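Student: What would the 3D arrangement of this be:
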Amino acid sequence: MGGATLSFLTLLESVKSKGDKPHVVIPDSRKEFTSTLEKLGIPYSVIPIGFFCYPVDKGIQKIFYLRHLQQILTREIKNIRALNKIISQIKPDIIHTNVGPLFTGHFAAKQNKIPHIWHIREYGDLDFNLYPIPSKRAFHKKLRNDTAIFITKDLAKYNHAEESCQAHIIYNGVRRHDDISFIEKKEPYFLCASRVSPEKGHLEICHAFSEFHKKNPLYKLIILGDGNEAYVELLKEYCKANDLEKHVIFEGFQTNVKPYMTKAKALIVASPAEGFGRMTAEACFDGCLVIGKNSCGTKEILEQTGGFLYNTQQELIAKMENVASISDEEYKEKALQAQKKAQELFSIEEYTSKIYSIYNKILAPQI
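Tutor: Take a look at the predicted model:
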C-alpha cells in the first residue's frame, strides 16, 4: 500500500461519496488491497496488466531479451482484449490510469472512443529503471495528446508536457485539511519512512548519521518500512561495522507512522528522484521538519513549505546538525509555517476537488 495506492484509494472514496460508481481493474488479487475495496463496496476485476516497458535487464543474451519482449507484447494484446470485454459490460464514462507507463487503459480507451486520463506519479527511468515501448518520445506524445495529471510541476516538465493545455498539476492529497498535530517536545532521533530499497538513499543517510553521531551520541536514526531484503541486510551490516547497531533502529513496516513522525526531530528524505514524496507532505501535517534531497518532488515540496535541502553527504550532515541545534521556539515557528502551507496544497479536499473538476470538464460536452 504505497503512496500511489493510498492516493488512489482517496480518490475512489471521493468518487463513491459523490454517488458515482467506480470500477477498478488491478493486476492481482493481493488481499490487503482487495479487502479494502470490498469494505468500500467498490467492484473490481483482475487483469495481469503490467508496465508496457522494455525488459529491465538489457545485458542478458539477445535471444532471451527478445523472447521477454515478445511476451510483454503478447501480454499487452491479451490484456487489452480483456479490458475491452469489461468496458462492453460496464460502459464507463472515463478510464483513469493511476500510474505512468501502464498503456492498457490508453489503448482500450482509444479503441472504444472513451476519454482517458494519465496520472503520472513517477519519473519511470530515473526512479524505477522503466523505459516505455517504443520510446520515451512516443510516450511523451501520448501524454500531450491525452488528458494528463502530474503530481508535481517537475514531472510535467520532465515529460515535456508543461505547456500542454491538457496537462494538469495536482499535488497528492495526503490528509484531511484539519488532520494536523504538533508536539513541542521532540525526541532526539531522525526518521526515515519509505520503502527500503537503493533508490530511496538509505545508505547515504546511514553514512551521514555515522558522522553526525560522533558529535551527537544521544541521537538515534529510526528506519520504518520494508522492501529489498538484501538492501536491508546491507544497511544492517554497515551499522554493525560502524558500531551503530544500538543507534540505528529498523522498525519494519508500520501501518501508523504518525506516532513516530510527531516526535521525530526531522524526517530525512534522500531519494534523488522522488516523484512526489507522500511522507514529506505528511511530515508537514504532523509538525515535523524535513531534511530532503535537493531534487525532483522533494525539492518542489520543501521550496513551498520550508525545510532543509541538501546536495551532498557533507551538506546532509550539516543540515542534521542545524536541525539538532535550533531552539524549540524556532523549530515551532518553522514547523507550523510548513503545516499551514501543507494544508493549502496537500489536503485531500483540495486533491479530490481538482480531479473532479477535470472529470466534469471532460464529460461536459457529453452531458
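Student: list the buried ones in stretch 318-337?
Tutor: Within stretch 318-337, the residues scored as buried using 16 or more other C-beta atoms under 10 Å are 318-320, 323-324, 331, 334-335. Where you see a C-beta, it was placed from the backbone N, CA and C, and this is true even at glycine.
Student: Quick check: of those, which lies closest to residue 32?
Tutor: Nearest to residue 32 among those is residue 335, at 32.1 Å by C-beta to C-beta.
Student: Report all helices and strands that the helix or strand harbouring the closest one contacts.
Tutor: Using DSSP states H and E, residue 335 maps to helix 328-345. Under the contact definition 3 or more C-beta pairs under 8 Å, 6 or more residues apart in numbering; DSSP states H and E, helix 328-345 sits against helix 278-285, helix 296-305.
Student: Pull the distance from it to the chain's centre.
Tutor: On the basis of C-alpha atoms, centre = their mean, to the nearest Å, helix 328-345 sits 22 Å off its chain's mean C-alpha point.
Student: Residue numbering should commence at 425 henceforth.
Tutor: In the new count, where the first residue is 425, that last one comes out as helix 752-769.
Student: So which other helices or strands are in contact with the helix or strand following that helix?
Tutor: For helix 752-769, the succeeding helix or strand toward the C-terminus, using DSSP H and E, is helix 772-787. Where contact means 3+ C-beta pairs under 8 Å, 6+ apart, helix 772-787 is packed against helix 427-441, strand 571-574.
Student: could these be laid out in CSV, adding mean pLDDT?
Tutor: Shown next, in CSV, are the helices and strands packed on helix 772-787 (pLDDT from 0 to 100):
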stretch, mean pLDDT
helix 427-441, 88
strand 571-574, 95
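Student: Identify whichever of the ones you listed lies nearest to residue 497.
Tutor: Using C-beta to C-beta, the nearest of those to residue 497 is strand 571-574, at 24.0 Å.
Student: Just after the closest one, pick out the following helix or strand.
Tutor: Going down the chain from strand 571-574, the next helix or strand is helix 577-582, by DSSP H and E.
Student: tell me which strands and helices that following helix is in contact with?
Tutor: Against helix 577-582 (3+ C-beta pairs under 8 Å, 6+ apart) you get strand 591-593, helix 720-729.
Student: Name the stretch among those that sits most buried.
Tutor: Across those, averaging neighbours per residue (mean count of other C-beta atoms under 10 Å) puts helix 720-729 on top, at a mean of 22.
Student: Show me the contact partners of that helix.
Tutor: 547, 550, 575-579, 693, 695-701, 704-705, 708, 714, 716-717, 731-733, 761-762, 765-766, 769 (C-beta atoms under 8 Å, 6 or more residues apart in numbering).
Student: CA atoms only for that helix - export them in CSV, please.
Tutor: This file holds the C-alpha atoms of helix 720-729, laid out as CSV (Å, rounded to 0.1, in the frame of the first residue of the first chain):
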residue,chain,number,x,y,z
CYS,A,720,12.6,16.4,-8.0
GLY,A,721,9.4,16.2,-5.9
THR,A,722,11.2,16.6,-2.6
LYS,A,723,12.7,19.9,-3.7
GLU,A,724,9.3,21.2,-5.1
ILE,A,725,7.5,20.4,-1.8
LEU,A,726,10.2,21.9,0.5
GLU,A,727,10.6,25.0,-1.6
GLN,A,728,7.0,25.8,-0.8
THR,A,729,6.6,24.6,2.8
